[in-house]
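Enquirer: Sequence isn't available, so here's the structure alone:
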C-alpha cells in the first residue's frame, strides 16, 4: 500500500511539474512526509502557524493504558502513523514532529448505521466508530486532507482557517447517519487526563463547550464552538466516567438523550441525521484559549459562510504566499518536494494562541489582551532555538518578534519569574534542558529584530538563568558545573547553560550592559569544567571536583547526557568552536574524532535504548535524528577542513530527507529538522544563534531567491551544480570574492547575492 | 457545656438589656441559635447577604467516605455542630439552614509546632491540625466570631465584608507557627469532588488561585486572593491525590517546598512564621466567581487596610441598619433574641454573586456583567418562595427585585430555557420539586415590585412550566396530574405545579395577558385531579386514571409525596383554600381534620425514616420543621375558626423557636423558618405568595414598627399583649375597624397602623 502511495507522489510527468512549479508551489508540499516511523508529523489540514491543526488520528493505544508512557505513546505524538489501517476520527489540535504526546482535542467521526459510542479496535474497526481506510483514496495537501472511510462509505474532507476546522462529509443514503463528537479521546490519553468537559447544545445547529486536561500541559483548557450546515434531528451523550459525578438531579431529566447541558469527565456525544446519497454534512469547529464566546467570535469572524472550496482556496493561498518567500531552482522534483515541504513543516509551529480580538489565556490562567503583538504558544525551544528561530529572524522576522513578545508575556505571568522552557497552551511542560529562550531572544536582538524593550528582555534572561532552584542552576552557579551526583544529565545541561550564558553575554554587550556581559561571558566558559582532558571527552563530574569513574563513551542513559552520548555532546560548544578544537588537541586530534563520528560502526540496535534516537537518524555515531548534533558537520570549517563540512552536509541532506512518508530521519521537532534542511540546502547555517554569522556549507539547490520582509531580495547562485559537485571551489558575495567561511545576517538583509562555484573535487 | 453556653446568652441583668436594646439591636442576634441538632445554621461571620460566610467547621466525617450520603453528611450542612468538641478549621463559604451539604471552600487553620498536614480525628485532635475548643471561650455575634484553639493556645477571630473574610490569629511564642490553607477540605467532601485546584504564590504576602468542584453544584469554581499581614518565611504543599497527575517536569523543581505554582486535585498548603507571644497574624481572604484578578480587586476594594476592629465595626453597622427595618417592643429578652436572630437568619441568603465591578459567572459558565442589578445566587426556592421572598418584597423590595433579575439572567443563560429551581453558584442543583421561581416573580409583579420587563419574565415562567422533559411536566400537561406510575413524588409535585400555575395566572392577569391567564388558571385547578373523594385525601393516581390501591395516610416515603405525608399535603392548596375546604366536606369535616393534625399522637420515632423531618419539628402530625405545612395553621381562617389559627400560631411560635443552640425545630432553610417566625410574631402571614393578601394570625410581640423602603412606616399595635392573651378580639386598620381576616400589601406600603386587641378568651 505504501508503494501505491509512493506512486501518487512521484509519477507525474516531469514537464507538467516544471510548468506547475512556476504556477504554484503548493503542489510540492507533501504533508505525508514524515508520517511514517519517527517523523511524527501529521497529514491533516492547517494554515501557517494555525491554532487549529485538523488531522486524522489512527492511534491504536487502548484508552485503559492509564497513562503508562510506552513506545506506542511515543509513536503517536502526532496522532497518525502511516502504517495504520484504520482512522478513529479527526481531531483539531496536533503537535508537529514532537517527541512527546498531547492534544488531539475534540475528535469528530461521521458514521452510519446503529449508533456505536466506542471507537472499537484497530483489528476490528467495525466493532466501533473507527473505520478502515486506504492510502489509495487519501489526499494530503497544504490545508486540505481527504480520505474515504471505507466502513461506512463516507468521504471525509478537511480544511482550516487559523482558528476554525472546516469538515465536509459526503454521506451515502442513511436513515441513521451520525456525527460523533468525542471529548473523551485525546492523544496520549488515559482515564484521569480529562479534568472536566462541558458540551452545551445552544440550538439545533450550534454547540459550545470546553475540554480541560491534566496532561503534558498540567492545566490546559480548550474552548470550542461547533456549527452544523444543517439541523440535527436528535442528539445525546454517554458519560464513561468511573468517578462519582453528582447525580442528585438526574431523575428530573433523561440526561443521555437530547439533554442540552452535558458535563462530566468522560463524555462522548452524538448528533443524528438522515441523509440521501451524496448529501454533504459540513461542520465548522472553532477553538479558543479563552471562552466559548471567544470560540464563537472566531468562528463567525473567520468562516462566515459554508463554501468549503473557498476556505480551502484561501488556506492554500496563504501557503503559497509563505512558500514564495524562498523560491529555488532545481532539476529534481524530489528536491523541490523536500524543500517546500520543509518550508511547510517549518511554518506549522509555534501556533497562534489568541482569539481574533487579541484575548488569550496566560500562564497565570487569567485572560489577557495581546497589546500590539500576536500571541503564540507551542515553543519546543530545546529544538527550535537552533535553526528554526534563526530561520524566522531571516524570513519571518515579524512573526519571530511576536514570538519573543509571547515569551516575555509568559515571563510576566510566571510566578517563578522564568522565561518559557516548553510553552504549551498557558502552561510550561518544562520538557528538556537549558533555558534556550535566551538564545531566541539574543538572536533577535543581535540581528536587529527587536521591536520590544530589549533591556526588559535582558532582565528576564538574567532572572531565568539565576533561578537557583531550577534544574541544577544553583549548583551550576556555585561550582561552574552541575554535579553529577546531583543531576542525571549534569554534563549536557552544563554545556547547554554555558551556550545560553554566552547568548546573554552577546545581548548584554549589544545593550551596553558590560557588567552583565562580564558575568555571563565568564559563565559561558563553564563548558571547560566538564571536559576531562585525560580522556579528551566531556564527562560527568562530581561535587568534589573529581570526574565520575564509571563512564561509557558510547552510551547515553545514565552517562550524564540527554539524548546524546559524549561522542556527540563533546562537540556541543557552538559558541566557541575554536577554543573547543584547541582544548581537544587541535585539528590533528579533532578532525579524526569528527571523521570517526560519521564513519564508526555501531551495532544495529545500539541506540534503541535512547528515546528520540532511531536507526534511520544515524550516520555512524552521528545522530542527525536528534538536535544536539545539528551544528556538528559545520565544525570542520573551524578546523581548516571546509571541504569535509561540504561533503558531510550534502551526504546528510541526501541520507536524512526524502519525499516519502518515511522521509524524515527523526522527529521533525516543530520544524527544527526542516529548518536545518532549508539552511543547509541553501549553503549556509547558523551554528551559534546569538551571533550574526552563518557558516558556509554546500548548496544542494541549483539556485534560490529569498524575498525578505524589508523588500530586498537575496539570491543564491550556484555555478556547476549537481549531486556529484559537492565541493565549493570559491564563493563570491555580490560579485566579489569572499575570503571567509561565513556570511553575516546584515549582508543578507541588505540584499544581493552569494555565488557558489561548485566542483566534484576539493 | 451547653449549660455554660446557655448562661452566656441568658443571664445578663434585665435592666442592662432594656437599655442595650435601645442603643443597639445587634446584641440580640445570636448566630449560635440553630447550630445544634437540625437547625443547620452556622455561628461564623457574615455581613447581610455576604458572598463570604466565614465560619468554623467541626465536621467529623472521614474524608474517605467517598461521597456516600449519610446522616452525618446531613448533620454537617453548615459545617458546624454545637455538640462537637473540635474545630478542623475556618472555611469561607457556607449554606445557612439547608438540608443538603456543599461549600466549605478554602479551609484555614493556624497551628504551632511540628507541621501536620492531616486534620487528625475528632477523638484525638492532637493527631492533626484539628484543635479542641470550648464554648466557654466562644463568642458568636453578627459578623464576628471568636474562639480559643486549645491545642495550640491560639485565639482565632473572624469578621467579613461582602467578599472578603478577615482572620485575626493571636499566637503564643512559637518558632514554628503555621497557617494551613487546605484546598482538599470541603463540606460533604469526598476524593473525587475536587475537580482541580490551583495555588499561586505571587509574593511573600500574596497568594491567589481557585478551587473547582463537582458536587451538589455540578461545575462550581471559586477563585481567591489571600494576603497576610506579614511575610511568611517559607511555604509548601502536599498533594494527596491518588489520580495520576503529570509529573514529567517535577524533577526540575522540588514542588513541595517553596514552589509557587502549585496545582492538583488534593492540595493542602502551609505558610510558616515565627511568632512572639501575643503576635497577631491577620489574613484577608477574598473570593470571586470570575477570576483571581476579580478576587484581588474585591480584596483591595473592600479591605484596603489591616484594622480588624474597624472591619468588624463596619459589618455590625450594616447589620444594625438591616435589623432596624423592624423594631419590636417586648418585655421578653428571649422574644427579642428570637426575633432579631430570625431577622439575621433571614438576611444571610441568597448571597451576592458578583465582583465589585459587577462581573459574575453565569449558568453558561461564561463571564457576564450585571447591568443595573446585583447578581445573587443560593436560591433554595422550594423553601424560600413561601415566606422569605414575600418578606423581602415587604422589607427588602430593592434586593428582591435584584434577586428576580438574577433569576431572569439565569434563564437567559440556560440552554434548557428554564428559570432556576435551586440556583447554586452558576449551577442549578435542581433540588426539590416545583418551579417556584414563578411564585417569587409573580409575587413581585403582583405587589408592584417589578423594575424589570415583566412580560419577558412571564415568557420565562411559561417556558419553564411547559418544559415537558422536566420532572413530569409532560405528564402533568397531558393528564392534568403526574401519573404515580411514572414519578415517585407525583402527588406533591402535582400540587406544587398547580399552585405555581396559579401564580403564573395572577401575573398574566395583571399584565393583561388573558390568553395566558385562561390556560394557567385552568392548570391551577389540577390539585383536584389527585384528590380521592372516597377517602378525603390527596392520593397517588395512575396513568389509567385510577387511584393507587396500596397507600398509607401517615407514611411519606413511597406514598407519592416529598417530605410530608398526605395528612399534611392534602392541605397544600394555598391558592384556593375555600374550594379545598368545600372539596374536603366543608368546615364540619375540615376543621376536625386540622385539629387532629395538631393533636394526634404518633409513635416517637415515626418520622425518622423521612429526611428533613425531626421530632423537634413536630406537633402531633403537623410538621413545622419542614415547609409544606407552613401555611396550614392559617387555614382555620377560611373555615370560620380564626381563633384556632390564633391559638395554633402562638403555640408554634413558643414550641418551635427558642434562643438556644437547639432553638430551631428544623432546618432554617436559608431563612424560610425565620421568615415564618417574623411574619407570624407580627400577626400576619402570606398564605399564597402571588396574591397581595396577608392572612391575620396572633401577634406575639408587644408592638412593632416597620420602616419601609418607600420612606413610610407601618406600625403593629398590640393592646393587652401577653403570653396568655393569644386571641384577637378585634382589629383596627389605621384606627378603623377591620371586618376581614387579612390586610393587603398595598395597605402596608401606604404606611399606617394595625391594632390588635388581645384577650385570653375567644
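Expert: On my side now, so go ahead. Bear in mind that the values here come from a model prediction, so they are computed numbers and not experimental data. Residues are numbered from 1 along each chain as shown, chains lettered A, B, ... in the order given.
Enquirer: Number of residues surrounding whichever residue of the stretch 451-600 of chain A sits closest to chain B?
Expert: Minimum separation of the stretch 451-600 of chain A from chain B (Cβ to the nearest Cβ) falls at residue A:471, amounting to 4.3 Å. Heads up, the C-betas are built off the backbone N, CA and C, glycines and all. Neighbour count of residue A:471, defined by other Cβ atoms under 10 Å in any protein chain shown: 22.
Enquirer: what's the pLDDT at the residue nearest to it when sequence neighbours are not counted?
Expert: Leaving aside its chain neighbours, residue A:471 sits nearest to residue B:252 (4.3 Å; criterion: Cβ to Cβ, 6 or more residues apart in numbering or on different chains). Residue B:252 carries a pLDDT value of 86.
Enquirer: residue contacts, residue B:252?
Expert: Listed by Cβ atoms under 8 Å, 6 or more residues apart in numbering or on different chains, the contact set of residue B:252 reads A:430, A:470, A:471.
Enquirer: surely the first one meets residue A:422?
Expert: Going back to what we said before, that points to residue A:430. Yes - under the criterion of Cβ atoms under 8 Å, residue A:430 is in contact with residue A:422, at a separation of 6.3 Å.
Enquirer: per the record, what domains does chain A have?
Expert: Here chain A is described, according to automatic domain parsing, as comprising the domains A:29-322, A:326-759.
Enquirer: Low-confidence bits of chain A, can you list those?
Expert: For chain A, the stretches with pLDDT under 70 are A:1-22, A:61-71, A:243-250, A:608-615.
Enquirer: ok, back up a step: for residue B:752, find the nearest of the domains of chain A.
Expert: The minimum distance between residue B:752 and the domains of chain A falls on domain A:29-322, with 45.2 Å, by Cβ to Cβ.
Enquirer: picking that back up, with neighbour numbers in mind, choose between residue A:430 and residue A:422.
Expert: residue A:422 (24 against 21).
Enquirer: Got the phi and psi for that one?
Expert: Dihedral pair for residue A:422: phi -140, psi 90, per degrees, to the nearest 10.
Enquirer: Which secondary structure elements does the helix or strand that residue A:342 is a member of sit against?
Expert: Counting by DSSP states H and E, the secondary-structure element that holds residue A:342 is helix A:333-346. The elements that helix A:333-346 packs onto, with contact taken as 3 or more Cβ pairs under 8 Å, 6 or more residues apart in numbering or on different chains; DSSP states H and E, are helix A:2-10, helix A:14-23, helix A:308-323, strand A:326-329, helix A:672-682.
Enquirer: same for the shortest one, what does it pack against?
Expert: In terms of contacts (3+ Cβ pairs under 8 Å, 6+ apart), strand A:326-329 is packed against helix A:333-346, helix A:672-682, strand A:703-707.
Enquirer: so of these, which one's packed in deepest?
Expert: Between these, the one whose residues have the most neighbours on average, counting mean count of other Cβ atoms under 10 Å in any protein chain shown, is helix A:672-682 (a mean of 27).
Enquirer: Confirm for me that residue A:276 is in contact with residue A:173.
Expert: Yes - with contact defined as Cβ under 8 Å, residue A:276 reaches residue A:173; the gap is 5.5 Å.
Enquirer: Which of the two has more residues huddled nearby?
Expert: For the pair residue A:276 and residue A:173, the greater number of neighbours falls to residue A:173 (13 against 9), based on other Cβ under 10 Å.
Enquirer: Okay, the closest residue to that one other than its chain neighbours and residue A:306: tell me how far apart.
Expert: Leaving out its chain neighbours, the residue that sits closest to residue A:173 by Cβ to Cβ, 6+ apart is residue A:277, at 4.3 Å. In this view, residue A:277 and residue A:306 are 20 Å apart by Cβ to Cβ, to the nearest Å.
Enquirer: same check, this time on residue A:758
Expert: As judged by Cβ to Cβ, residue A:758 and residue A:306 stand 53 Å apart.
Enquirer: now residue A:387
Expert: Here the distance between residue A:387 and residue A:306 works out to 41 Å (Cβ to Cβ).
Enquirer: for chain A, longest helix please?
Expert: What stands out as the longest helix in chain A, according to DSSP state H, is helix A:490-510.
Enquirer: Can you list the helices and strands that that one packs against?
Expert: By 3+ Cβ pairs under 8 Å, 6+ apart, helix A:490-510 packs against helix A:437-446, helix A:454-465, helix A:473-479, helix A:514-523, helix A:566-569.
Enquirer: of all these, which gets the most neighbours per residue?
Expert: When neighbours are counted by mean count of other Cβ under 10 Å, the highest per-stretch mean among the helices and strands packed on helix A:490-510 falls to helix A:437-446, a mean of 28.
Enquirer: outside of it, which residues touch it?
Expert: Contacts of helix A:437-446 from elsewhere in the structure, counted by Cβ under 8 Å, 6+ apart, are A:379, A:381, A:384-385, A:389-390, A:393, A:400-401, A:403-404, A:407, A:419-421, A:450, A:454, A:457, A:460-461, A:464-465, A:499-500, A:503-504, A:506-507, A:510-511, A:686, A:689-692, A:745.
Enquirer: most centrally placed residue in chain A?
Expert: Nearest to the geometric centre of chain A sits residue A:670, at 1.1 Å (Cα atoms, centre = their mean).
Enquirer: Three-state assignment for that residue, please.
Expert: helix (DSSP: H, G, I helix; E, B strand; the rest coil).
Enquirer: From chain B, how far off is it?
Expert: Residue A:670 sits 17 Å away from chain B, taking Cβ to the nearest Cβ, to the nearest Å as the criterion.
Enquirer: of residue A:387 and residue A:306, who's got more company?
Expert: With other Cβ under 10 Å as the criterion, residue A:387 and residue A:306 differ in neighbour count, and residue A:387 comes out ahead with 27 against 15.
Enquirer: from memory the more buried one sits against residue A:668, does it?
Expert: No - at 12.0 Å, residue A:387 does not count as touching residue A:668 under the criterion of Cβ under 8 Å.
Enquirer: By proximity to chain B, which residue of the stretch 401-550 of chain A wins?
Expert: residue A:430 (3.1 Å).
Enquirer: Just give me the neighbour total for residue A:586.
Expert: Close neighbours of residue A:586, defined as other Cβ under 10 Å, add up to 12.
Enquirer: The helix or strand containing residue A:210 pairs with which strands?
Expert: Residue A:210 is part of strand A:206-213 when elements are defined by DSSP H and E. Strand pairing for strand A:206-213, determined by DSSP bridges: strand A:194-201 (antiparallel), strand A:220-228 (antiparallel).
Enquirer: now those strands as TSV including mean neighbour count and distance to residue B:258?
Expert: What follows is the strands paired with strand A:206-213, written out as TSV (neighbours: other Cβ atoms under 10 Å in any protein chain shown; distance: least, Cβ to Cβ, whole Å):
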stretch	mean neighbour count	distance to residue B:258
strand A:194-201	23	26
strand A:220-228	24	25
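Enquirer: now those strands as CSV including distance to residue A:585?
Expert: As requested, those are exported to CSV (distance: least, Cβ to Cβ, whole Å):
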stretch, distance to residue A:585
strand A:194-201, 55
strand A:220-228, 49
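Enquirer: isn't residue A:424 right next to residue A:380, touching?
Expert: No - the pair residue A:424 and residue A:380 fails to qualify as a contact (Cβ under 8 Å) at a distance of 9.0 Å.
Enquirer: more crowded one of the two?
Expert: Each of residue A:424 and residue A:380 had its neighbours counted (other Cβ under 10 Å), and the higher figure belongs to residue A:380 (30 against 26).
Enquirer: how about that one, phi and psi?
Expert: Comment: the main-chain dihedrals of residue A:380 come out as phi -90, psi 70, following degrees, to the nearest 10.
Enquirer: cool, residue A:489 as well?
Expert: With angles defined as degrees, to the nearest 10, residue A:489 shows backbone torsions of phi -130, psi 50.
Enquirer: Name the nearest residue to it, sequence neighbours excluded.
Expert: residue A:562 (4.2 Å).
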